[in-house]
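**Q** here's a sequence, model it:
(2 chains, ligands or ions: 2)
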Amino acid sequence: MVVETQPPFLEMRGITKAFGGILANDRIDFDVRPGEVHALLGENGAGKTTLMEILYGLYTPDAGEIYVEGKQVQIHSPLDAMRLGIDMVHQSFMLIPVFSVCENIVLGMAGRHDLRQTAEKIRELSQSFGLEVDPMARTGDLPVGMQQRVEIVRALYRGARLLVLDEPTAVLTPIESASLMRFVRSMALEGRSVIIITHKLEEALEASDRVAVLRRGRKVATRPTRDTDARELSRLMVGRELESAIGRRHDEGRSSCLAVEHLSVRGEHGALACKDVSFEVRCGEILGVAGVTGNGQSVLAEAITGLRRPADGRVSLLEVDVTGWRPRALIRAGMAHVPEDRKATGCVGAFNLVENLILGRHRESSFAQRGLILRRRAMREFAERTVQKFDIRAAGLDTATEVLSGGNVQKLILARELQRNPKLLVAVEPTRGLDVGAIEYVHRTILGMCDRGVAVLLFSSDLSEVFSLSDRIAVMYHGRLLGPFPSTEVDIEGIGYMMTRGIAA
Amino acid sequence: MSEIFVIGFLTAMIATGMPLLFGALGEVMAERSGVLNLALEGSMLAGALMSFLVAWRTNHLWLGLLAGMAAGIAVALVMAFLCISLLTNQVVTGTVLNILILGATNFVYSQVAGTALTPPHVSVFPNVQVPGLSNIRFIGPVLFQNPLLVYTAILLVPASGWFLYHTHAGLALRATGEDPRAVASVGMPVLRIRYFAVLYAGLMAGIGGAFLVLGQVGFYTPNVTAGRGFVAIAIVVFGRWNPYKILGATAFFGATEALQDRLQALGIALPAQLLLMLPYLLVVVALLVSVRGRGEVGTPAGPRFLTIPYEREAL
Ligand SMILES: Nc1ncnc2c1ncn2[C@@H]1O[C@H](COP(=O)(O)OP(=O)(O)O)[C@@H](O)[C@H]1O
Ligand SMILES: [Mg+2]
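**A** Ligands and ions are numbered 1, 2, ... in the order given. Purely as a prediction, here's the structure:
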């Protein structure tokens, strides 16, 4: 496949980049050969995206050199990168939702483009790579997997010889991921190169020719994929051995904690996004709800946690009818919520750790005199204890939460929710975007709660997460709930099939 | 209703609508690039004063117009520098600039012309008859016997539409207001696009201001714009950031203003102040009814990144 002696297509030498006090990239050497699939592996915050944004001309490095086909190049803007045949699909898509696919693809390209001709070209190109897209569709109406295709087709259209994919599978279903990997291989077979950024070990092992591992801004190793394994990579990535898979005990016959009956909820556009959903979660049980993003999970979660008023149906918590209750009342009744978008709704980004840790409890007598004046000292002591107990890594208690890494924000939110001694935890995508170390931590915390009799309702589009944690599994498809099924009676393929077809295989 | 009355009404509608149309066609570009250019009012007022002063002193209407354009651009340049380069809050910056310009124009006018016994006067832009069309009954006098600037403004509507929807630059402009990060990621200069758009808005507001004095009355009074810049901004919203709809919205607002004048002249028993409020009241109503439905811009409130500064290398 890849001739080992071939000169590299791309070489980066001694790349260094600091943001304020943080060294995001520290003297990184990195190279990619023609026709190679190179995985860039590392925990969140390791500096993977930064390195690639430098290559793509969005960030200017503080030091370091870049060579393309042996010649030193200066990349000042994405335009320079594209001229060199380097293109990138960003983690958050760089598409204009109100534009048509076609408009998004020609955006920024020099010269005149007849939209009809362009559309034809796009159709041909996308078909030849097995990435069919409708050039006339409104981009914002497409599911995320499709939008990613648009980005890839755009890169191909511009003639990319090296394609960088930043965490491409984070938004995909297992079936979509598999088809993406097939595309990546076919691109490499044509002699073009692909860099896949990922924090998932299996992915790095499965798709690549070589793996480079970053840790805290440094490159710790590059390995030919066939000479390494998950164990070594995870050690390189985290810097220590991880505990092996977490086991689940099954506990039947407990009392009901959350009961949802015939619940229908309207979504953003007024249409029913969640239709006639009924299920029950018992104390000490984890119910996992799988589904492709956008099938009504978030609306269902919002209705249960009081952020959205149901159109019809009933929600009861510990046998009390709580339909339409406000979040504050629900919290008092024993509900805890780890929301989907942790940066937007989970905490206040500009607040420091102390403030975020007591958010929602700021009227309790331990933190406020007569519910009005905050007890600063008590707040700090409480925050200090919590930060220690949950191993939240931050420069100090006064650090603004928005500068923390995703894993630490998630720990903070979990810590806050746990301190309330809830009876029910509703967790929505609790580990999306987190690295293995943080995922392990979140999973252990959730299982620990469960052992103490807390009922957990877990929404996740990560099937392996759903399977490793849940006692029972349900699937959301087009607003309807399939199941729940005991997790011993279904397998990943079956659930994956239901997620995309809405029927059992 | 007599034909004279209707023709008079429609002519007045076009005359009052012109400054609004110029302002709105400029503002729509700024907003499409993601900058809420509240300083449009200031640009218009500065344009009105400078065009008047230069026309008065040089006795040259076209030189006056050029001065008005320059003044409009100058105000916009300050706005652009503060909001685009220094990332200040657009609403606050625009508001403060407008207050500043109001004070400055009052001061300059009183220094230059305030001592004169009778306020200085200039002639106004002459009407140009469109050969063959100006004599058509009814339509001729309304549409084809106007100053050149009126034809320019009306032709600018399809030109703006063509630019926005049929050129690459228009695509880039629209994209910048929807998501500047996406624009930067395909290698286009977000800041330069925004600068151009805001300066263009200033230019157009300058022309609108010049038309206000040189196209209609021929003399300047302090605060002659009286919020027309803001009305133009409201027209952009009402017209859903689309030049053709903006033309419609302008006609609507021009009509209410013309109607209000006429009602007053007919001696309708309503307090004059109440009638004067009418166009502004309609602005509020218009904003209320216009925020429905899925449009060509990202949110009901406009392009998705309207008012949000863009910073390179920011998270
Ligand atoms: N624009 C930025 N401003 C400030 N800090 C940043 C910026 N981009 C990244 N960082 C910091 O640099 C480090 C590396 O981030 P990143 O490259 O995004 O990591 P990865 O992609 O491996 O998760 C992190 O600590 C992050 O907080
Ligand atoms: Mg990243």
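**Q** show me what contacts the residue nearest to A:Gly130 when sequence neighbours are not counted?
**A** Excluding the flanking residues, the one nearest A:Gly130 by Cβ to Cβ, 6 or more residues apart in numbering or on different chains is A:Phe183, at 6.3 Å. C-beta coordinates here come from the backbone N, C-alpha and C atoms, glycine included. Listed by Cβ atoms under 8 Å, 6 or more residues apart in numbering or on different chains, the contact partners of A:Phe183 are A:Phe129, A:Gly130, A:Leu131, A:Ile152.
**Q** near the second one, how many other residues are there?
**A** Meaning A:Gly130. Look at A:Gly130: counted by other Cβ atoms under 10 Å in any protein chain shown, it has 11 neighbours.
**Q** A:Leu404: which of the contacts of A:Phe183 is nearest?
**A** Within these, the smallest distance to A:Leu404 is 31.4 Å, found for A:Ile152 (Cβ to Cβ).
**Q** tell me how far the closest one lies from chain B.
**A** Look at A:Ile152 and chain B: by Cβ to the nearest Cβ, to the nearest Å, they are 14 Å apart.
**Q** tally of neighbours for that residue?
**A** That count, for A:Ile152 with other Cβ under 10 Å as the rule, works out to 24.
**Q** contact partners for it?
**A** A:Ile152 sits next to A:Val89, A:Phe129, A:Leu131, A:Leu163, A:Leu165, A:Phe183 when contact means Cβ under 8 Å, 6+ apart.
**Q** and with 10 Å instead?
**A** Contact analysis of A:Ile152 by Cβ atoms under 10 Å, 6 or more residues apart in numbering or on different chains lists A:87, A:89, A:126, A:129, A:131, A:133, A:160, A:163, A:165, A:168, A:180, A:183-184, A:187.
**Q** same check, this time on A:Leu307
**A** Each residue near A:Leu307 by Cβ under 10 Å, 6+ apart is listed here: A:Ser298, A:Val299, A:Ala301, A:Arg326, A:Pro327, A:Leu330, A:His337, A:Pro339, A:Thr345.
**Q** buried among these? Need that as a selection in PyMOL.
**A** Of the contacts of A:Leu307, the buried ones can be selected in PyMOL as follows, counting by 16 or more other Cβ atoms under 10 Å in any protein chain shown:
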select buried, chain A and resi 298+299+301+330+337+339
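**Q** keep only those of the contacts of A:Leu307 that are in strands.
**A** Those of the contacts of A:Leu307 mapping onto strands are A:His337, per DSSP state E.
**Q** among the contacts of A:Leu307, which ones lie close to chain B?
**A** With Cβ under 10 Å from any Cβ of the partner chain as the criterion, the contacts of A:Leu307 include none near chain B.
**Q** tell me the least confident of the contacts of A:Leu307?
**A** Taking the contacts of A:Leu307 together, the minimum pLDDT is found at A:Thr345 (65).
**Q** just for the stretch 201-315 of chain B, where's the confidence low?
**A** B:286-287, B:289-295, B:314-315 (pLDDT under 70).
**Q** can you show me the helices along it?
**A** Secondary structure of the stretch 201-315 of chain B (DSSP state H, counting those that start in this stretch): helices at B:228-238, B:243-265, B:272-290.
**Q** check the stretch 1-150 of chain B too.
**A** B:3-32, B:40-58, B:61-80, B:90-113, B:139-143, B:148-166.
**Q** highest mean neighbour count out of the ones you listed?
**A** Neighbour counts (mean count of other Cβ atoms under 10 Å in any protein chain shown) averaged over each of these peak at helix B:40-58, with a mean of 29.
**Q** mean confidence for that helix?
**A** Average pLDDT, helix B:40-58: 96.
**Q** chain center to that helix, what's the gap?
**A** Offset of helix B:40-58 from its chain centre (Cα atoms, centre = their mean, to the nearest Å): 14 Å.
**Q** only alpha carbons, please: show that helix as PDB.
**A** Below are the C-alpha coordinates for helix B:40-58, written out as PDB (Å, rounded to 0.1, in the frame of the first residue of the first chain):
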ATOM      1  CA  LEU B  40     -26.500  54.800   9.200                       C
ATOM      2  CA  GLU B  41     -28.400  57.700  10.800                       C
ATOM      3  CA  GLY B  42     -25.200  59.500  11.500                       C
ATOM      4  CA  SER B  43     -23.900  58.900   8.000                       C
ATOM      5  CA  MET B  44     -27.200  60.300   6.600                       C
ATOM      6  CA  LEU B  45     -27.100  63.400   8.700                       C
ATOM      7  CA  ALA B  46     -23.500  64.100   8.000                       C
ATOM      8  CA  GLY B  47     -24.100  63.500   4.400                       C
ATOM      9  CA  ALA B  48     -27.000  66.000   4.400                       C
ATOM     10  CA  LEU B  49     -25.000  68.700   6.100                       C
ATOM     11  CA  MET B  50     -21.800  68.400   4.100                       C
ATOM     12  CA  SER B  51     -23.600  68.100   0.800                       C
ATOM     13  CA  PHE B  52     -25.600  71.200   1.600                       C
ATOM     14  CA  LEU B  53     -22.600  73.300   2.800                       C
ATOM     15  CA  VAL B  54     -20.500  72.400  -0.200                       C
ATOM     16  CA  ALA B  55     -23.300  72.900  -2.700                       C
ATOM     17  CA  TRP B  56     -24.100  76.300  -1.100                       C
ATOM     18  CA  ARG B  57     -20.500  77.500  -1.100                       C
ATOM     19  CA  THR B  58     -19.500  76.200  -4.500                       C
END
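**Q** against which helices or strands is it packed?
**A** For helix B:40-58, the elements it packs on are helix B:3-32, helix B:61-80, helix B:90-113, helix B:190-210, helix B:228-238, judged by 3 or more Cβ pairs under 10 Å, 6 or more residues apart in numbering or on different chains; DSSP states H and E.
**Q** show me the one of the ones you listed that comes nearest A:Leu434.
**A** With Cβ to Cβ, the closest approach to A:Leu434 among these belongs to helix B:190-210: 31.1 Å.
**Q** A:Arg266 and A:Gly313: what is the separation?
**A** Distance of A:Arg266 to A:Gly313, computed by Cβ to Cβ, to the nearest Å: 12 Å.
**Q** next step: the contacts of A:Ile152 restricted to helices.
**A** Using DSSP state H, the members of these that fall within helices are A:Ser126, A:Leu180, A:Phe183, A:Val184, A:Met187.
**Q** nearest to chain B, of the contacts of A:Phe183?
**A** A:Ile152 (14.0 Å; Cβ to the nearest Cβ).
**Q** got the contact list for the nearest residue in space to B:Glu313 that is not next to it in sequence?
**A** Excluding the flanking residues, the one nearest B:Glu313 by Cβ to Cβ, 6+ apart is A:Tyr59, at 5.6 Å. With contact taken as Cβ under 10 Å, 6+ apart, A:Tyr59 is in contact with A:Lys17, A:Phe19, A:Ala24, A:Asn25, A:Thr49, A:Thr50, A:Leu51, A:Met52, A:Glu53, A:Ile75, B:Arg312, B:Glu313.
**Q** looking at it, the last one is touching A:Gly57, isn't it?
**A** No - with contact defined as Cβ atoms under 10 Å, B:Glu313 does not count as touching A:Gly57 (11.4 Å).
**Q** which of the residues in stretch A:22-38 are buried?
**A** Under the neighbour-count criterion of 16+ other Cβ under 10 Å, stretch A:22-38 has A:23-26, A:28, A:30-38 buried.
**Q** farthest pair within these?
**A** Top of the distance list for these (Cβ to Cβ): A:Leu23 and A:Gly35, 32.5 Å.
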